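Participant: Give me a model of this one.
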Amino acid sequence: MNRKRIWGWWFFDWASQPFHTLLLTFIFSIYFAEVARRHFVSLGDSAGLAGANAQALWGYGLSAAGVVIALLAPVLGAIADSSGRRMPWVWLFSALYVVGSAGLWFLMPTQPALIQAVVLFGIGLIGVEFATIFTNAMLPSLAPRSEIGRLSGSGFAFGYLGGVVSLAVMLALFAETPGGRTLAGIPPLFGLDPALREGTRFVGPFTAIWYIIFMLPFFLWVRDPRGAARPIRVRAALRDLWALVRSLGHRDSLRNWLISSMLSRDALNALYGFGGVYAGTVLGWPVFLAGIFGVVSAISAAAISWLGGRADRRFGPRRVIVLCILALTAVCTILVGMDRDAIFGIAVPAQPVVAGLRLPDLVFFVCGAVIGGAGGALQAASRTMMVRHTTPERATEGFGLYALSGKATAFLAPFLIAVTTDLSGSQRIGFLPLIVIFLVALVLLRWVNPEGESYP
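Facilitator: Alright, predicted model coming up:
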């Protein structure tokens, strides 16, 4: 195995994880929810309705980005495989990542351009998702099959560690607390104005800068194989892709795996995307507290992803996936049954339990650790399972189809949450569809061969 190439590949996870940790889950999504809710209140909504409208707008934005990814992922994957080159595509979508992330700086706390922010976030999301397709496709060529699970889990663990470090830096040096200082007790660096929330808004440019710096090892140490470049034949690539799609009719394991992973990853991404909104609007957490929560979640994700990689190598990816889905289903059940004052209808004490946190706050901290840990292990094991259903020669096409399965209904969970929230007027009830989606994904795993299938 080429250790330098493996480390370069791992650095993509380190470089890209802050998009998920800082923007999607713990800082920007909460800031967006806070700003949007205040805006809707100024338009005459009640506090509860304003929170629901903020969650719905965020959900529709994530859905739109998911549709774009679903439509283009398998086509681009097939074209990349036909040309034998993946690195140019990583460069292209890295540019979208940087532009979309950096542009989030312009979401002002007053008179906010909410639609612009959602669009820019969608551009960044499209960039990171497509770049991930092409880097995932390199996994089969990194090591023997017996080591793929360990490499995948270690990659996710390394990525989550990058998420922890980036979040700690953001909280200590930039994101302001209600008192106008960071968690390190200093004013935000570079003269950023707390009154204009510039410390928090810097999370977008910070994420872009982080990616630019830490993608350098990837671009220096990872290369397309020599002699791999071939002329791009779009028609031939689409013909091969169509043949692959038609083969799903008799390839039961691959078909059921794609559907199951489609549902589980869709629900997981919704948890990531709405967890911060839930914390900010249902529990009333400020951004800095959600950031501390993010550190706990990311540390859990790093540790459990690493352990999950070892469990994957010993027991196989399917058992790891089953355990993770059960844990995430339990979390969703708790989120539906909990609010600021009660858990499953049982009133909780008004006084803090520890460090100024009430019982619902502590329960949500535990939920965050489970989401981070089970989510990281689920993604790592899912990546391994997909490797077992493809070959190195057609890996980008395979992972493009895998991305399609993950994004064909990527709009579904956010859309169901948005619609259920709209209809019920309750953010907690809005999480009900996730329980159903996870359970259906679990049932479908019964018909997935743990050893996978190869392309004929």
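Participant: so Cys332 makes contact with Ile437?
Facilitator: No. Using CB atoms under 8 Å, Cys332 is not in contact with Ile437; the gap is 9.0 Å. Where you see a C-beta, it was placed from the backbone N, CA and C, and this is true even at glycine.
Participant: intersection of neighbour lists for those two?
Facilitator: When CB atoms under 8 Å, 6 or more residues apart in numbering defines a contact, the residues bordering Cys332 and Ile437 alike are Ala267.
Participant: what bits of the stretch 101-250 of the chain have low per-residue confidence?
Facilitator: Of all residues in the stretch 101-250 of the chain, those with pLDDT under 70 make up the ranges 145, 225-238, 240-241, 244, 247-249.
Participant: Tell me where it has helices.
Facilitator: Taking DSSP state H, counting those that start in this stretch as the criterion, the stretch 101-250 of the chain contains helices spanning 114-136, 145-173, 198-201, 203-214, 216-221, 234-247.
Participant: Could you do the stretch 251-400 of the chain as well?
Facilitator: According to DSSP H, counting those that start in this stretch, the helices that the stretch 251-400 of the chain contains are 252-281, 287-315, 317-337, 359-387, 395-407.
Participant: For Leu142, find the nearest of those helices.
Facilitator: Distances from Leu142 to each of the helices of the stretch 251-400 of the chain were compared by CB to CB, and the smallest falls on helix 359-387, at 9.9 Å.
Participant: May I ask you to name the longest helix in the protein?
Facilitator: In the chain, with assignment by DSSP state H, the single longest helix is helix 47-83.
Participant: buried residues in that one?
Facilitator: Taking 16 or more other CB atoms under 10 Å as the basis for neighbour counts, the residues of helix 47-83 that come out buried are 50-59, 61-70, 72-83.
Participant: One more: stretch 307-324?
Facilitator: Taking 16+ other CB under 10 Å as the neighbour-count basis, stretch 307-324 is seen to contain the buried residues 307-309, 311-313, 316-318, 320-324.
Participant: how about those residues in a markdown table, adding pLDDT and distance to Pro360?
Facilitator: Formatted as a markdown table, the entries for the buried residues of stretch 307-324 read as follows, by pLDDT from 0 to 100; distance: CB to CB, whole Å:
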| residue | pLDDT | distance to Pro360 |
| --- | --- | --- |
| Leu307 | 83 | 28 |
| Gly308 | 79 | 28 |
| Gly309 | 76 | 33 |
| Ala311 | 83 | 31 |
| Asp312 | 79 | 34 |
| Arg313 | 79 | 38 |
| Gly316 | 83 | 37 |
| Pro317 | 86 | 34 |
| Arg318 | 88 | 34 |
| Val320 | 90 | 30 |
| Ile321 | 92 | 30 |
| Val322 | 93 | 29 |
| Leu323 | 92 | 26 |
| Cys324 | 92 | 24 |
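Participant: Need those residues in JSON lines (columns: distance to Arg38).
Facilitator: Formatted as JSON lines, those follow (distance: CB to CB, whole Å):
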{"residue": "Leu307", "distance to Arg38": "41"}
{"residue": "Gly308", "distance to Arg38": "39"}
{"residue": "Gly309", "distance to Arg38": "42"}
{"residue": "Ala311", "distance to Arg38": "44"}
{"residue": "Asp312", "distance to Arg38": "44"}
{"residue": "Arg313", "distance to Arg38": "49"}
{"residue": "Gly316", "distance to Arg38": "49"}
{"residue": "Pro317", "distance to Arg38": "44"}
{"residue": "Arg318", "distance to Arg38": "46"}
{"residue": "Val320", "distance to Arg38": "42"}
{"residue": "Ile321", "distance to Arg38": "40"}
{"residue": "Val322", "distance to Arg38": "42"}
{"residue": "Leu323", "distance to Arg38": "40"}
{"residue": "Cys324", "distance to Arg38": "36"}
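Participant: now, among those, which is nearest to Arg239?
Facilitator: Minimum separation from Arg239 among the buried residues of stretch 307-324 (CB to CB) is found for Pro317, which lies at 30.7 Å.
Participant: Am I right that that closest one is in contact with Thr384?
Facilitator: Yes. The criterion here is CB under 8 Å, and Pro317 meets it with Thr384 at 4.4 Å.
Participant: With only the CA atoms kept, save stretch 22-38 in PDB.
Facilitator: As requested, C-alpha coordinates have been extracted for stretch 22-38 and formatted as PDB (Å, rounded to 0.1, in the frame of the first residue of the first chain):
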ATOM      1  CA  LEU A  22     -19.500  24.100  11.100                       C
ATOM      2  CA  LEU A  23     -22.000  24.900   8.400                       C
ATOM      3  CA  LEU A  24     -24.600  22.100   8.100                       C
ATOM      4  CA  THR A  25     -24.900  21.100  11.700                       C
ATOM      5  CA  PHE A  26     -23.500  23.300  14.500                       C
ATOM      6  CA  ILE A  27     -22.800  27.000  13.700                       C
ATOM      7  CA  PHE A  28     -24.200  28.400  10.500                       C
ATOM      8  CA  SER A  29     -27.500  26.400  10.500                       C
ATOM      9  CA  ILE A  30     -28.100  27.700  14.000                       C
ATOM     10  CA  TYR A  31     -27.200  31.200  13.100                       C
ATOM     11  CA  PHE A  32     -29.500  30.900  10.000                       C
ATOM     12  CA  ALA A  33     -32.300  29.600  12.200                       C
ATOM     13  CA  GLU A  34     -31.800  32.400  14.700                       C
ATOM     14  CA  VAL A  35     -31.800  35.200  12.100                       C
ATOM     15  CA  ALA A  36     -34.600  33.700  10.100                       C
ATOM     16  CA  ARG A  37     -36.800  33.300  13.100                       C
ATOM     17  CA  ARG A  38     -36.200  36.900  14.200                       C
END
